[in-house]
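S.K.: I'd like to go over a predicted model; first the sequence, then the structure.
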4 protein chains.
Amino acid sequence: MGDYDLNIIFRSDVEVELVKHSANDLDVVFAARVSTRGENAESVVSGKEASGLINFLMRERHGSPFEHAYFTFRVKAPLFVWREHMRHRIASYNEESGRYKELAPEFYLPDSERKLVQVGKTGAYEFVDGSTEQHAITLVQMRQACERAYHAYREMLAYGVAKEVARMSLPVNIYSSAYVTMNARALMNFLSLRVSAPDSAYPSYPQREIEMVAEKYEQIFADTMPLTHLAFVVNGRVAP
Amino acid sequence: MGDYDLNIIFRSDVEVELVKHSANDLDVVFAARVSTRGENAESVVSGKEASGLINFLMRERHGSPFEHAYFTFRVKAPLFVWREHMRHRIASYNEESGRYKELAPEFYLPDSERKLVQVGKTGAYEFVDGSTEQHAITLVQMRQACERAYHAYREMLAYGVAKEVARMSLPVNIYSSAYVTMNARALMNFLSLRVSAPDSAYPSYPQREIEMVAEKYEQIFADTMPLTHLAFVVNGRVAP
Amino acid sequence: MGDYDLNIIFRSDVEVELVKHSANDLDVVFAARVSTRGENAESVVSGKEASGLINFLMRERHGSPFEHAYFTFRVKAPLFVWREHMRHRIASYNEESGRYKELAPEFYLPDSERKLVQVGKTGAYEFVDGSTEQHAITLVQMRQACERAYHAYREMLAYGVAKEVARMSLPVNIYSSAYVTMNARALMNFLSLRVSAPDSAYPSYPQREIEMVAEKYEQIFADTMPLTHLAFVVNGRVAP
Amino acid sequence: MGDYDLNIIFRSDVEVELVKHSANDLDVVFAARVSTRGENAESVVSGKEASGLINFLMRERHGSPFEHAYFTFRVKAPLFVWREHMRHRIASYNEESGRYKELAPEFYLPDSERKLVQVGKTGAYEFVDGSTEQHAITLVQMRQACERAYHAYREMLAYGVAKEVARMSLPVNIYSSAYVTMNARALMNFLSLRVSAPDSAYPSYPQREIEMVAEKYEQIFADTMPLTHLAFVVNGRVAP
């Protein structure tokens, strides 16, 4: 067995960067006005009119005017987050490939704020703090498992085994990067399911790590489309 | 029966305007590179490298990198064109509503260049010029039918009948406007089916009027993403 | 101008026939159980367990288990209904083609129960009965416009004009048939938007004629998946 | 550290079972005939007529008539296969959840027929047999990494750590089960990309393990819709 300096990095965060977007509140207004004004949809809009119309659309679940606003993100997160993320089908993805690229030794570890213990019933778990011992066990076990797995990966690669085979024993907390493009309607659906929002009409129970991605999305969404975001929140965080 | 000045407009064109876009060839390159480079996808790209990579993706049908480029159009076309257009489901639409808005009296008429006579078999019709008499009959019949229908519409409205009812006897050549948003992959699929391209690997047999919309889309696509458009054409106009 | 016996049929109904389906409540249960039981998802299910689990899924908006149940309908309805129907993109369609087939002279007319007058504001119209005069005007105007339009159609065909051109002046109340396939999740979304359900949490304001189609869908849905339909109704007619 | 009998199972296969379907060649014919015959789409069809029409649709890329035929599979495969499978968005999934269920210790190992060494360039790798030493290294490294990871999983669970946390260090070759529903058009797209078919017009380069799933799908498809499958193969394995 070889003796490598694996240089493994353990981290506890996710990265979300806005690559580009074509999103602003006025586009929602113009798209919605086509219904009632036809080709003369665009003209001056007061802030109050925009706010009122967007709120009406959200409340009445007229979702299509929100589909013309697009966001492209670059996201770095562990595989177990991507597994959940890619269940959202109204989105476009290009992810780092373990078939074509040697995967870097970066692994997710829960930090001390990550609640480790679940209580309650299936589908509506709540999480509470773990004990010091539980945190210690988790860190030790995960670190050792990741180190053993990455060692195996490097060993197979060193012997000339194909990347797509060698990666098979890598764990789901290894990091991977992807381009993600979603429109504002799909993004609101994502947020409604992936941010817990315990006070909302429909609380969700996302795993904390995908919620960390969703929170960063939501901040960017709120900065880019403030009226739309406000209407989303005010109307119970239900996607139109 | 009332006596209206209907002010009917007959025309033979379609309108396509690019409202906004987030589309350029480099985004395709960056999205594709994520697979092989991960988070370091963006850096300087030579024109030759971009051209080569885009051509490779198109030829090998790796379609996902083309999904991050978005176009929003405002289109004005007859209803019978919209009926075909909206069969394309990977797109977002907001169309003028005959339920909420009084529809303007604008109707499509084939002009003298529109070939009126079909030959050949179902699914692969070819069209040939009509005779002078056929053109004359077509114009007369269509004009009279449109005038009669629009008169009926106005008459019902004048008597207080709801717009959604009164519109029922309006013909499918009445014009309607809509916002249409599509990504570059969906747009290429549209072009592959809605531009005839008789010399391509897979010739299509679109109705001429939706082809007029498609030709305007294609011009905008070629101007915005010239390398992607070239690769589309060179590789047989098959969407990846 | 030719002198035809046009044999025009006016009618006021829509047709919906269940062609085939792969839908039953137990499939929802089995699909949902995969999450918690893995490969041993199938075993005996009591009616009470099925009912409870389906209600839980509906209430918590876990929609994916409802996607494995499929319905294929054959529907006959006026074009203006199809225009709204095909805005539902999570569905498969094959419709009668006016390019390939001579369209039969069947046209929709509102019957005496169809409320003709709208009151209230855009997006939330209510409809009230029309007067005898309004009904009379509507019938006369529509009949004459349809007859004039169908005459024009036949005249152009008689002169050898292509079907795809001749149909341009046919009105949107002409009937057309299509195959429609939808899964139960998409169907519930359709019902939530196309049946008015004034007492539900989110009342909708569909045009009456698409509601007539939706009501027939709902009856078939209730017969085929009674537990799922009940949970849909009990939980406010919101699609999961 | 605890001392468990982990009872780990290593295997080299995938499981595909047809749960239900609503698929047969005649439905394609009936759906396609709606275009040209309208409501009278169904009547006796000769085998020759069906074969000819299906071949025409495939060749001319008229894909929509293939969307009314549905397949529901139960599939058991390693996570790295699911990661690729779920990139196919025109499909419905319900997968075993590591958040709700303790994951069983079943892991994929390449068997002696799995070619371990890749040659050629990115995007078009070919695979050749590995040496005896390469196979031995692969088995030893993978087994040890899996055992270490599953031990960590059990250890964290024993200390009361939540399942969704404990699973983070499990490798991507652990098995998972899911329900998968796809229509015949989406299935053909899957087959065109996930079966290598080196002699076809567009050879693909799938990872062997997802190809094993695809081959089982294809056998079921060929048994259920033989005319459609034949037309798919004859027309270059390009999805319509």
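M.R.: It's in.
S.K.: Show me what stretch A:153-170 is in contact with.
M.R.: A:1-2, A:4, A:6, A:98-103, A:149-150, A:152, D:78, D:80, D:108, D:110, D:114, D:116-118, D:125, D:127, D:130, D:133-134, D:137-138, D:141-142, D:145-146, D:149, D:171-173, D:207 (C-beta atoms under 8 Å, 6 or more residues apart in numbering or on different chains). Heads up, the C-betas are built off the backbone N, CA and C, glycines and all.
S.K.: Which helix or strand in chain A has the lowest average pLDDT?
M.R.: Here the helix or strand of chain A ranked lowest by mean pLDDT, DSSP states H and E is strand A:126-128, holding a mean of 88.
S.K.: That one and chain D in contact?
M.R.: Yes: in terms of C-beta under 8 Å from any C-beta of the partner chain, part of strand A:126-128 sits within range of chain D, namely A:F127.
S.K.: Give the buried residues for whichever helix or strand comes after that strand.
M.R.: Counting by DSSP states H and E, the element after strand A:126-128 in chain order, helix or strand, is helix A:132-158. Residues of helix A:132-158 classed as buried by neighbour count (16 or more other C-beta atoms under 10 Å in any protein chain shown): A:134-135, A:137-138, A:141-157.
S.K.: now helix A:132-158 against helix D:132-158, angle please.
M.R.: In terms of direction (axes from the mean of the first three to the mean of the last three C-alpha atoms, to 10 degrees), helix A:132-158 departs from helix D:132-158 by 170 degrees.
S.K.: Isn't A:A222 up against A:F232?
M.R.: No: taking contacts as C-beta atoms under 8 Å, A:A222 lies outside contact range of A:F232: 9.1 Å.
S.K.: Give me the more crowded residue out of the two.
M.R.: Using other C-beta atoms under 10 Å in any protein chain shown, the more surrounded residue of A:A222 and A:F232 is A:F232, with 26 against 14.
S.K.: ok, and for the host helix or strand of the more buried one, which residues are buried?
M.R.: Per DSSP H and E, A:F232 falls inside helix A:226-234. For helix A:226-234, a neighbour-count test (16+ other C-beta under 10 Å) marks A:227-232 as buried.
S.K.: which residues touch the nearest residue to A:E67 once chain neighbours are set aside?
M.R.: Leaving aside its sequence neighbours, A:E67 sits nearest to B:S92 (C-beta to C-beta, 6 or more residues apart in numbering or on different chains; 3.5 Å). By C-beta under 8 Å, 6+ apart, B:S92 lies in contact with A:64, A:67-68, A:183, B:179-182.
S.K.: same check, this time on A:L116
M.R.: With C-beta under 8 Å, 6+ apart, A:L116 has these contacts: A:110, A:127, A:129-130, A:134-135, A:138, D:161-162, D:165.
S.K.: So how do I select the buried members of these in ChimeraX?
M.R.: The ChimeraX command for the buried members of the contacts of A:L116 (criterion: 16+ other C-beta under 10 Å) is given here:
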select /A:110,127,130,134,135,138 /D:161,162,165
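S.K.: from the contacts of A:L116, which has minimum pLDDT?
M.R.: On pLDDT alone, A:G130 ranks lowest of the contacts of A:L116, at 86.
S.K.: What strand or helix carries the residue nearest the centre of chain A?
M.R.: Centroid-nearest residue in chain A, with C-alpha atoms, centre = their mean: A:V213, separated by 3.7 Å. According to DSSP H and E, A:V213 maps onto helix A:208-224.
S.K.: Can you report how many residues neighbour the nearest residue to A:D111 once chain neighbours are set aside?
M.R.: Excluding the flanking residues, the one nearest A:D111 by C-beta to C-beta, 6+ apart is A:S12, at 3.8 Å. A:S12: 13 surrounding residues under other C-beta under 10 Å.
S.K.: re earlier: so of the contacts of B:S92, which ones are in helices?
M.R.: Taking DSSP state H, every one of these sits outside helices.
S.K.: Which of these sits closest to chain C?
M.R.: Comparing the contacts of B:S92 against chain C with C-beta to the nearest C-beta places A:S64 closest, at 7.8 Å.
S.K.: Which residue is the nearest non-sequential neighbour of that closest one?
M.R.: Per C-beta to C-beta, 6+ apart, closest to A:S64 is B:N94, 5.4 Å.
S.K.: same question for stretch A:180-193, mean pLDDT?
M.R.: Stretch A:180-193 comes out at a mean pLDDT of 97.
S.K.: Is chain B within reach of that stretch?
M.R.: Yes: against chain B, stretch A:180-193 shows contacts by C-beta under 8 Å from any C-beta at A:181, A:183.
S.K.: Just the CA atoms of that stretch, as PDB, please.
M.R.: Extracted in PDB, the C-alpha atoms of stretch A:180-193 (Å, rounded to 0.1, in the frame of the first residue of the first chain):
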ATOM      1  CA  VAL A 180     -27.100  25.700 -11.700                       C
ATOM      2  CA  THR A 181     -29.600  27.800 -13.700                       C
ATOM      3  CA  MET A 182     -33.200  28.300 -12.500                       C
ATOM      4  CA  ASN A 183     -35.900  30.800 -13.100                       C
ATOM      5  CA  ALA A 184     -37.500  32.700 -10.300                       C
ATOM      6  CA  ARG A 185     -40.600  30.400 -10.200                       C
ATOM      7  CA  ALA A 186     -38.500  27.300  -9.800                       C
ATOM      8  CA  LEU A 187     -36.300  29.100  -7.300                       C
ATOM      9  CA  MET A 188     -39.200  29.900  -5.100                       C
ATOM     10  CA  ASN A 189     -40.300  26.300  -5.300                       C
ATOM     11  CA  PHE A 190     -36.800  25.300  -4.200                       C
ATOM     12  CA  LEU A 191     -36.900  27.800  -1.300                       C
ATOM     13  CA  SER A 192     -40.300  26.700  -0.200                       C
ATOM     14  CA  LEU A 193     -39.100  23.200   0.200                       C
END
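S.K.: still on that earlier bit, run through the neighbouring helices and strands of the least confident helix or strand of chain A.
M.R.: When contacts are defined as 3 or more C-beta pairs under 8 Å, 6 or more residues apart in numbering or on different chains; DSSP states H and E, strand A:126-128 sits against strand A:117-119.
S.K.: and the strand it packs on, which residues are buried?
M.R.: So, applying 16+ other C-beta under 10 Å, buried residues of strand A:117-119: A:117-118.
S.K.: That one near chain D at all?
M.R.: Yes: residues of strand A:117-119 are located near chain D by C-beta under 8 Å from any C-beta, namely A:117-118.
S.K.: contacts for that strand?
M.R.: Against strand A:117-119 from outside (C-beta under 8 Å, 6+ apart): A:125-130, A:134, D:160-164.
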